[in-house]
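Engineer: Quick one, fold the following:
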Amino acid sequence: MSNKMDIQPLINMINPMLKGSLYTVQLFFVTLLISLPLGLCVTFLYTGRWIIIRKITGFYVLIMRGTPLLLQMFFVYFGLPFIPVIGPYLKFDAFTSAAIAFILNYAAYFAEIFRGGLLAIDRGQHEAAKVLGLTHFQTTYKIVLPQMFRVTLPSVSNEALILVKDTALITVLALHDLLSVSRTIVNATASFVPFIVAGVFYLIMSYIVTVFFHALERKFSYE
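Structural biologist: Numbers count the residues shown, from 1 in each chain. Okay, the predicted model is just below:
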């Protein structure tokens, strides 16, 4: 009986934190699944032939990487609705605003990572592909992209780990994510334990992400 009484407070603490972690996990997957292909598209535009497109995408990358993610969240949530004429159509709920800011921010970082991967590929391989009669699309899909992914996987993995921790920023938009719930429980119980439990949750998520990307690195390893 006493054991149950000892465990019950811990259960009462973990249950709301599990619910709060859903926001964290949802934001992580939404951001990663959309920002990765978006970042790849930005990379090809950034390194393309049209100088105007390169300038526009370069400015986008500069803004996203040069300003704090927290500020970008505030702009999407509080600033967009004040834009004349179209403002009322750009009013989003807190989670959607956070997701938009995260996606645009991380797409810019992934674009720079992928650009570095493209620059690491020897231009001679493009010439060899032409000699073999491959089209530009075939060269990109069969030769360039696999090598680029192999080169950039460690950096992408690092950004994914940063994303796990950055999701805690959504607490400023009054979303009941893992950190927000933990802080509420700490204030209610005057105990530091919820923050420790939250740290364990983040460590578990980071470990899962690390294992996943290590598996990908082994898959793309040619050695």
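
Engineer: The nearest residue to F213 once chain neighbours are set aside and S21, how far apart?
Structural biologist: The shortest distance from F213 to any non-neighbouring residue, by CB to CB, 6 or more residues apart in numbering, is to S157 (3.6 Å). Backbone N, C-alpha and C define where each C-beta goes, glycine included. S157 sits 21 Å away from S21, taking CB to CB, to the nearest Å as the criterion.

Engineer: which sections of this protein are below the confidence cut-off?
Structural biologist: Applying pLDDT under 70 to the chain flags residues 1-13, 125-127, 131, 133-137, 222-223.

Engineer: Where do the helices of it begin and end?
Structural biologist: 2-46, 51-66, 69-74, 94-119, 124-131, 136-139, 145-166, 178-189, 193-219 (DSSP state H).

Engineer: Buried residues, the fourth one. List them.
Structural biologist: Pointing back at helix 94-119 there. 95, 97-115, 117-118 (16 or more other CB atoms under 10 Å).

Engineer: Equivalent analysis for stretch 64-75, please.
Structural biologist: So stretch 64-75, judged by 16+ other CB under 10 Å, has buried residues 64, 69, 72-73.

Engineer: Taking the residues you listed together, which two end up most distant?
Structural biologist: M64 and M73 (12.2 Å; CB to CB).

Engineer: How much space separates the residue lying closest to F74 once chain neighbours are set aside from T67?
Structural biologist: Excluding its sequence neighbours, the residue lying closest to F74 (CB to CB, 6+ apart) is V172, at 8.0 Å. Per CB to CB, V172 is found 16 Å from T67.

Engineer: on that earlier part again, let's have the buried residues of stretch 64-75 in a markdown table, adding distance to T210.
Structural biologist: Compiled in a markdown table, the buried residues of stretch 64-75 are given as follows (distance: CB to CB, whole Å):
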| residue | distance to T210 |
| --- | --- |
| M64 | 25 |
| L69 | 22 |
| Q72 | 26 |
| M73 | 26 |
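
Engineer: Among those residues, which one lies nearest to P84?
Structural biologist: Of the buried residues of stretch 64-75, the one sitting nearest to P84 (CB to CB) turns out to be Q72, at 20.6 Å.

Engineer: give the contact list for that closest one.
Structural biologist: Residues counted as contacts of Q72 (CB atoms under 8 Å, 6 or more residues apart in numbering) are 64, 101, 104-105.

Engineer: circling back to that earlier point, burial count for the residue nearest to F213?
Structural biologist: Using other CB atoms under 10 Å, the number of residues around S157 comes to 17.

Engineer: thought it was touching I208?
Structural biologist: No. Under the criterion of CB atoms under 8 Å, S157 is not in contact with I208, lying 12.0 Å apart.
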